[in-house]
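A.B. asks: Quick one, structure for this:
(chains A and B)
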Protein chains: 2
Amino acid sequence: MARRSTTRDRLVSTATDLFSRQGYGQTGVNEIMQRARATSGSFYHFFPAKEDLAAAVLERATEGLETEVFKPAAETADDPVERIFAVLDHYRQRLVASDFALGSPAGCLAAELSETHPLVRAKAREFFDVTINRIESLLDEAADSLVAGVDRHEVAELVACTLEGALVVARAQQSAAPLDAAVGGLRRHLGLLRRADVGAEDAPVPMRPAPPRLRHNADWRTW
Amino acid sequence: MARRSTTRDRLVSTATDLFSRQGYGQTGVNEIMQRARATSGSFYHFFPAKEDLAAAVLERATEGLETEVFKPAAETADDPVERIFAVLDHYRQRLVASDFALGSPAGCLAAELSETHPLVRAKAREFFDVTINRIESLLDEAADSLVAGVDRHEVAELVACTLEGALVVARAQQSAAPLDAAVGGLRRHLGLLRRADVGAEDAPVPMRPAPPRLRHNADWRTW
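C.D. replies: Numbers count the residues shown, from 1 in each chain, chains lettered A, B, ... in the order given. Coordinates of the predicted model:
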């Protein structure tokens, strides 16, 4: 059983890498089997169709959001808004380390297959939903430090969509510059939504002081 | 000559539609030829390889940015920032009219082929570059109405990346809601970057009044 599970894991990991680099249509089942050192018998045992493997790639990506993306991001900063930027930085590091080859698995598979592969679309949707919900919950944690009237769901959608689009544009340009510029724009925006930041020189003193855990607060001004 | 040119046009239009709906790998040359009523002789006369057709799709999309996207957007509003939102609305209308099937041709082709098809990547990059430059030039036109210190290139990258990502997420969700939320976030951000808007009640009166052509200015407050 352990051996089977390992083969399945290798197939999913290999497919995650290949689909994120070169798309679904350009990646043959044979290439996946060879790289994962799997026989066609074991491949079709786990994945009756290639689409099932794409669905498994997205399921694992969604499962990994907490352990591989949001939890490590939480360890880099106490401030929930800084944690959002640590999440964005996770994808930046992955992109740069792969020499601008690795896109978002959900973004790549959704862009290519949403219309023709409803199962893949549903799994990609779950990935986006969880991403957006987790970003929104970080904004909820930061609510006391935000100006009144911030639509936190809207901001979470903006952050998630910006990330997906910036990864595509950055890969096309073979450069982190579009991602850095877009994230810079988000930093500016989140800075403007911060109570302590908005009109620090111009506006009335906020009714409540920012909570002491916002130790990175001073940095927001320079964004 | 006219007939040949028409066949080529039909091939490019058909491929634009099919690649934007169902990706490059899922679209066979035979399907394109049938729908475009073209023989294989004429197909390979114009496009020695399928990749050449993808490059032509992106070339035409880039050429069409001015006449089909930015010029019509300019006719809907005098305010340059409103024109940016008219551009975003163009893509929203295209998405909704296609029942959430049609993504951005450049986004779809770049996500799928950037790593394996350098010619397609270069053409997608041109599309993104022209889009970002045109958005930035609209922000330049609006410069007098923006607060000091706005990095207009950064904002243009943010807008373009948000659009590309939001189209992917909206297709995965089969709903305009992610696009509307992300664009709502951009509206809020651009509103905060407007001189007349920033801290209207709290901040000092701007040194210069907003130019009179900004007739939509009052609306920004309600975003």
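A.B. asks: Would you mark the buried spots in stretch A:86-93?
C.D. replies: Going by neighbour count (16 or more other Cβ atoms under 10 Å in any protein chain shown), the buried part of stretch A:86-93 is A:86, A:87, A:88, A:90, A:91, A:92. Using the backbone N, CA and C atoms, a C-beta is placed for each residue, glycine as well.
A.B. asks: One more: stretch A:113-130?
C.D. replies: Buried residues in stretch A:113-130 (16+ other Cβ under 10 Å): A:113-117, A:120-121, A:123-130.
A.B. asks: out of those residues, which touch chain B?
C.D. replies: A:113, A:114, A:115, A:116, A:121, A:124, A:125, A:128, A:129 (Cβ under 8 Å from any Cβ of the partner chain).
A.B. asks: ok, which pair from the residues you listed is furthest apart?
C.D. replies: By the measure Cβ to Cβ, A:116 and A:129 form the most distant pair in those, at 21.0 Å.
A.B. asks: Show me what residue of chain A gets nearest to chain B.
C.D. replies: For chain A and chain B, the shortest gap (Cβ to the nearest Cβ) falls at residue A:25, measuring 1.3 Å.
A.B. asks: Skipping adjacent residues, who's closest to that residue in space?
C.D. replies: residue B:25 (1.3 Å; Cβ to Cβ, 6 or more residues apart in numbering or on different chains).
A.B. asks: Specify the local secondary structure of that neighbour.
C.D. replies: Secondary structure state of residue B:25, per DSSP: H, G, I helix; E, B strand; the rest coil, is coil.
A.B. asks: was I right about it contacting residue A:112?
C.D. replies: Yes. In terms of Cβ atoms under 8 Å, residue B:25 counts as a neighbour of residue A:112; the distance is 6.8 Å.
A.B. asks: The helix or strand of chain A with the lowest mean pLDDT - contacts with which helices or strands?
C.D. replies: The helix or strand of chain A with the lowest confidence, counting by mean pLDDT, DSSP states H and E, is helix A:2-22 at a mean of 88. Counting contacts by 3 or more Cβ pairs under 8 Å, 6 or more residues apart in numbering or on different chains; DSSP states H and E, helix A:2-22 is packed against helix A:29-36, helix A:40-46, helix A:50-64, helix A:105-113.
A.B. asks: Could I get the CA-only coordinates of it as PDB?
C.D. replies: Output in PDB follows, covering the C-alpha atoms of helix A:2-22 (Å, rounded to 0.1, in the frame of the first residue of the first chain):
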ATOM      1  CA  ALA A   2       2.800   2.400   0.900                       C
ATOM      2  CA  ARG A   3       4.400   1.700  -2.500                       C
ATOM      3  CA  ARG A   4       1.200   2.500  -4.400                       C
ATOM      4  CA  SER A   5       0.700   5.600  -2.500                       C
ATOM      5  CA  THR A   6       4.200   6.700  -3.400                       C
ATOM      6  CA  THR A   7       3.700   6.100  -7.100                       C
ATOM      7  CA  ARG A   8       0.500   8.100  -7.000                       C
ATOM      8  CA  ASP A   9       2.300  10.900  -5.200                       C
ATOM      9  CA  ARG A  10       5.100  11.000  -7.800                       C
ATOM     10  CA  LEU A  11       2.600  11.100 -10.600                       C
ATOM     11  CA  VAL A  12       0.700  14.000  -9.000                       C
ATOM     12  CA  SER A  13       4.000  15.900  -8.200                       C
ATOM     13  CA  THR A  14       5.400  15.300 -11.700                       C
ATOM     14  CA  ALA A  15       2.100  16.400 -13.300                       C
ATOM     15  CA  THR A  16       1.900  19.500 -11.100                       C
ATOM     16  CA  ASP A  17       5.300  20.500 -12.400                       C
ATOM     17  CA  LEU A  18       4.800  19.700 -16.000                       C
ATOM     18  CA  PHE A  19       1.200  21.200 -16.300                       C
ATOM     19  CA  SER A  20       2.400  24.400 -14.500                       C
ATOM     20  CA  ARG A  21       5.400  24.700 -16.900                       C
ATOM     21  CA  GLN A  22       4.100  23.600 -20.300                       C
END
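A.B. asks: how many degrees apart are it and helix B:105-113 in direction?
C.D. replies: 140 degrees (axes from the mean of the first three to the mean of the last three Cα atoms, to 10 degrees).
A.B. asks: Tell me how many other residues surround residue A:75.
C.D. replies: By other Cβ atoms under 10 Å in any protein chain shown, the residues close to residue A:75 number 9.
A.B. asks: Let me see the backbone angles for it.
C.D. replies: Torsion angles at residue A:75 (phi, psi; degrees, to the nearest 10) stand at phi -80, psi -10.
A.B. asks: try residue A:146
C.D. replies: Torsion angles at residue A:146 (phi, psi; degrees, to the nearest 10) stand at phi -100, psi 150.
A.B. asks: Please look at it and residue A:139 and confirm they touch.
C.D. replies: Yes. Counting by Cβ under 8 Å, residue A:139 is a contact partner of residue A:146 at 7.4 Å.
A.B. asks: more neighbours, these two?
C.D. replies: Neighbour count, other Cβ under 10 Å: between residue A:146 and residue A:139, residue A:139 has more, with 24 against 20.
A.B. asks: and the more buried one, what is it in contact with?
C.D. replies: Residues near residue A:139 by Cβ atoms under 8 Å, 6 or more residues apart in numbering or on different chains: A:80, A:81, A:84, A:146, A:150, A:152, A:155, A:156.
A.B. asks: picking that back up, find the residues that touch each one of residue A:146 and residue A:139.
C.D. replies: Common contacts of residue A:146 and residue A:139 (Cβ under 8 Å, 6+ apart): residue A:152.
A.B. asks: shaky segments in chain A?
C.D. replies: The model of chain A has pLDDT under 70 over residues A:1-5, A:196-223.
A.B. asks: Need phi/psi at the residue of chain A closest to chain B.
C.D. replies: phi -70, psi -30.
A.B. asks: any idea how far it lies from residue A:49?
C.D. replies: Counting by Cβ to Cβ, to the nearest Å, the gap from residue A:25 to residue A:49 is 14 Å.
A.B. asks: Neighbour count for these two, which is higher?
C.D. replies: The residue with more neighbours, out of residue A:25 and residue A:49, is residue A:25; 19 against 12, by other Cβ under 10 Å.
A.B. asks: which ones are touching the more buried one?
C.D. replies: A:112, B:23, B:24, B:25, B:26, B:112.
A.B. asks: Out of these, which is nearest to residue B:173?
C.D. replies: residue A:112 (16.2 Å).
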